[in-house]
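Trainee: Structure for the following, please:
(one chain, ligands or ions: 1)
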Amino acid sequence: MVKAAGKQSCGRLVFASFLALLAFGLIADFLWASSHRFSSSAMLSLPSSVTTVVGKLPPIEKDSGNKKKKKDDNGRERKLSATFQDLPAPQLHWEKMSASPVPRLDGAAIQIRNFLYVFAGYSNINLVHSHVDVYNFVDNKWGGRFDMPKEMAHSHLGMVTDGRFIYVVTGQYGPQCRGPTAKTFVLDTDTNTWSDFIPLPVPRYAPATQLWRGRLHVMGGSKENRHTPGLEHWSIAVKDGKALEKEWRSEIPIPRGGPHRACVVVDDRLFVIGGQEGDFMAKPGSPIFKCSRRLEVVFGDVYMLDEEMKWKVMPPMPKPDSHIEFAWKVVNNSIVIVGGTTEKHPETKKMVLVGEIFQFNLNTMKWYVIGKLPYRVKTTLVGYWDGQLYFTSGQRDKGPDDPGPRKVIAEMWRTKLILNP
Ligand SMILES: *[C@@H]1O[C@H](CO)[C@@H](O)[C@H](O)[C@H]1NC(C)=O
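Mentor: Next comes the predicted model:
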């Protein structure tokens, strides 16, 4: 009932906004999460019909962000394929495993030994989860569901583990496009018990979070409106799930703010990878904090912090990539990143999902595209066990020819991981 009603009102709002924006000559993508039903309606056939491919384009265009229309030899407008951002990638053999008990978008995941803990997330745009499901890589089964604290955020969390304690920092509280909470928690995975932790100085939406040199670091993300990038960086000394200090301290700000990035510590260096500036915001005055699209800028920047405590610029990803905060694993001194979203279509402004797996080899500091996913998908939750790379959850594309977001998934897949040495 709630879901159906939500969709109808969503439809009216989206339609009204669509007309308004058309009047200003702007075509934007309003599709998101549960509003996918409208993707096949006549209403949105206008943006997709203007994307017909005329002439062959290379898989990625360096100047694809250029909004000026190009003319081809016949003087006709040259259009970009909806899939032009796909990169050539090796085909992999994928095996479908048992699906997670619930579908999840913008959830969080932490692997400890043979267990993948998956937290929170949207089931659909009007419904968020407040529990944890656990996958066991040894018997390939889901089980061990338990509740999260009532006050804990439901999506866009910062999360990291020391191998036993999981630190859960800030994140969005509630469905649709509500703002973040500053509340912070610790889960002891030996006993599955929760405790409170010192709140972040201000709430943050999808901040980069890691444990590094005995301190819990939290940086970037969006400010309370979900859209404005935050550059702040805080840390606090921690041990065994407890703070060793009374308050968070300010650290060197991150060079570029924004949510949805991978944050990884390898060999005493902290990396922040990809992400975006801007995100959907609550529609002003909406009692349900209805999500409305704001045009985000996705990037592939990689920044590294070492003992000098100065940010260093590393080689960028093969393409801009966002929505990857729990979509990575470290294997054999390489960071492996699964799916995500890339920069929006330059003409239709539609969101474009990523269907590749990337490897950042820290021996050579080189990026590789190492495989194709079964489909394009964002906010995947990733694990690695016994030579196999696993992913579950997220939001997948509309199909091979349409990289826009559609279904929120529960599926779990695995493939043998093949790395470039
Ligand atoms: C990681 O390194 C070990 C030891 O060299 C090797 O046996 C294994 O195949 C490597 N794993 C991957 C995924 O490349």
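
Trainee: going forward, measure contacts between C-alpha atoms and count neighbours the same way
Mentor: Fine.

Trainee: Report pLDDT for the residue in the stretch 151-300 of the chain positioned nearest to the ligand.
Mentor: Closest to the ligand within the stretch 151-300 of the chain is residue 266: 15.1 Å, counting by C-alpha to the nearest ligand atom. Note on residue 266: pLDDT of 98.

Trainee: so it makes contact with residue 333?
Mentor: Yes. Contact criterion C-alpha atoms under 8 Å: residue 266 and residue 333 qualify, at 7.4 Å.

Trainee: In what element of secondary structure is residue 96 found?
Mentor: Element membership of residue 96, judged by DSSP states H and E, is strand 95-97.

Trainee: go on, residue 407?
Mentor: Using DSSP H and E, residue 407 falls in strand 402-416.

Trainee: Over to residue 383?
Mentor: Residue 383 belongs to strand 381-385 when elements are defined using DSSP H and E.

Trainee: And the average pLDDT for that strand is what?
Mentor: So the average pLDDT for strand 381-385 ends up being 98.

Trainee: Leaving out sequence neighbours, find the closest residue to residue 293.
Mentor: What sits nearest to residue 293 in space, not counting adjacent residues and going by C-alpha to C-alpha, 6 or more residues apart in numbering, is residue 280, at 4.6 Å.

Trainee: For the nearest residue to residue 150 once chain neighbours are set aside, list the residues it contacts.
Mentor: Nearest residue to residue 150 in three dimensions, chain neighbours excluded: residue 130, at 7.3 Å (C-alpha to C-alpha, 6+ apart). By C-alpha atoms under 8 Å, 6 or more residues apart in numbering, the residues touching residue 130 are 119-121, 147-150, 152, 154.

Trainee: Point out the residues in the stretch 51-200 of the chain that sit beside the ligand.
Mentor: Within the stretch 51-200 of the chain, no position is adjacent to the ligand by C-alpha under 6 Å from any ligand atom.

Trainee: Residue of the stretch 51-200 of the chain nearest the ligand, please.
Mentor: Residue of the stretch 51-200 of the chain nearest the ligand, by C-alpha to the nearest ligand atom: residue 92 (13.6 Å).

Trainee: Lowest mean pLDDT among the helices and strands, pick that one out for the protein.
Mentor: Averaged element by element with mean pLDDT, DSSP states H and E, the chain has its least confident helix or strand at helix 45-49 (a mean of 29).

Trainee: residue contacts, the residue of the stretch 51-200 of the chain closest to the ligand?
Mentor: 371-373, 415-416 are the contacts of residue 92 under C-alpha under 8 Å, 6+ apart.

Trainee: Output the residues you listed in JSON lines, with pLDDT appended to each entry.
Mentor: Output for the contacts of residue 92, formatted as JSON lines (pLDDT from 0 to 100):
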{"residue": "371", "pLDDT": "98"}
{"residue": "372", "pLDDT": "98"}
{"residue": "373", "pLDDT": "98"}
{"residue": "415", "pLDDT": "98"}
{"residue": "416", "pLDDT": "98"}
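
Trainee: out of these, who's nearest residue 258?
Mentor: residue 373 (25.8 Å; C-alpha to C-alpha).

Trainee: Can you check the contacts of residue 130 and name whichever has the most neighbours?
Mentor: residue 121 (31 neighbours; other C-alpha atoms under 10 Å).

Trainee: pretty sure that one is touching residue 105, no?
Mentor: Yes. If you go by C-alpha under 8 Å, residue 121 and residue 105 touch, sitting 5.1 Å apart.

Trainee: Using the record's assignment, carve the chain into domains.
Mentor: The chain breaks down by automatic domain parsing into domains covering 2-78, 95-416.

Trainee: rank those domains by pLDDT, which is bottom?
Mentor: domain 2-78 (a mean of 39).

Trainee: can you list contacts of stretch 214-230?
Mentor: Residues outside stretch 214-230 that contact it (C-alpha under 8 Å, 6+ apart): 158, 177, 179-180, 203-211, 231-239, 253-254, 256-260, 277-282, 294.

Trainee: one more time with 6 Å, if that's ok
Mentor: Residues outside stretch 214-230 that contact it (C-alpha atoms under 6 Å, 6 or more residues apart in numbering): 179-180, 204-211, 231-238, 257-259, 277-279, 281.
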